[in-house]
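J.: sequence first, then the predicted structure, then my questions.
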Amino acid sequence: MADETDHITSSIGNGIDTAPQIALISQYVKDLSFENPNAPAVYQWQDQPQIDVQFNIGADKVGEEVVEVSLKVEVKAIAPQGTAFAVELLYAGLFGMRNVPEDQAQPFLLAEAPRLLFPFARRVLADAIRDGGFPPLLLDPIDFGGLYLQQAQQMEATAGEPAGHA
């Protein structure tokens, strides 16, 4: 009987790995656009431009166990005289995911993965703006986890509301 138990234990120990695993495979600039529509006059403007920053996060399955997470950042600097500059960056990362339950995959892809990519995207933006002749813009860190939870709560609240009257 002891031999049978040892055999079962060892075959399970050498069986399929079912532990959840996530790894960053690669990260890259997917698209980068810098516009300086009022050069060279913009360099003479005395007014400080208003900076508008927009973020968008996407996740697309590109293989059986590979997901591309993209962080789109749009920055516009607008002064009374016009647009000082506009930058659009699509920064992405490939993440390998194995044995990750769906309820854990989505929070990772929409909160943790963007948090990992953000410092690199921030540097690319700062460099592009500096290379355009402006002081580098250093974006403040973003609480992607908090944003994800806030969005999830909003989705839950609207899911509970009636769709309309018949």
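T.: All right, it came through fine. Numbering: from 1, shown residues only.
J.: contact partners for the residue most central in space within the chain?
T.: Closest to where the C-alpha atoms of the chain average out (C-alpha atoms, centre = their mean) is residue 114, at 3.1 Å. By C-beta atoms under 8 Å, 6 or more residues apart in numbering, the contact list for residue 114 reads 57, 69, 71, 142, 144. For every residue, glycine as well, the C-beta is placed using N, CA and C.
J.: show me what the third one is bridged to.
T.: When you say that, I think you mean residue 71. residue 57, residue 91 (DSSP bridges).
J.: contacting residues for it?
T.: Residue 71 neighbours (C-beta under 8 Å, 6+ apart): 55-57, 89-92, 114, 117-118, 121.
J.: give me the buried entries from those.
T.: 57, 89-92, 114, 117-118, 121 (16 or more other C-beta atoms under 10 Å).
J.: now distance to residue 132 too, for the contacts of residue 71, in TSV please.
T.: Shown next, in TSV, are the contacts of residue 71 (distance: C-beta to C-beta, whole Å):
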residue	distance to residue 132
55	20
56	22
57	25
89	13
90	18
91	18
92	22
114	25
117	22
118	21
121	17
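J.: follow-up on the earlier one: extract the CA atoms of the strand or helix carrying the residue nearest to the centre of the chain and return them as CSV.
T.: Element membership for residue 114 (DSSP states H and E) is helix 113-131. Below are the C-alpha coordinates for helix 113-131, written out as CSV (Å, rounded to 0.1, in the frame of the first residue of the first chain):
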residue,chain,number,x,y,z
ALA,A,113,0.6,45.7,-16.5
PRO,A,114,0.1,49.5,-17.2
ARG,A,115,1.8,50.3,-13.9
LEU,A,116,4.9,48.3,-15.1
LEU,A,117,4.9,50.0,-18.6
PHE,A,118,4.2,53.5,-17.4
PRO,A,119,7.8,54.5,-16.3
PHE,A,120,9.1,53.6,-19.7
ALA,A,121,6.3,55.4,-21.6
ARG,A,122,6.8,58.4,-19.4
ARG,A,123,10.5,58.6,-20.4
VAL,A,124,9.7,58.2,-24.1
LEU,A,125,7.2,61.1,-23.8
ALA,A,126,9.6,63.3,-21.9
ASP,A,127,12.4,62.7,-24.4
ALA,A,128,10.1,63.4,-27.4
ILE,A,129,8.9,66.7,-25.9
ARG,A,130,12.5,67.7,-25.0
ASP,A,131,13.6,66.8,-28.5
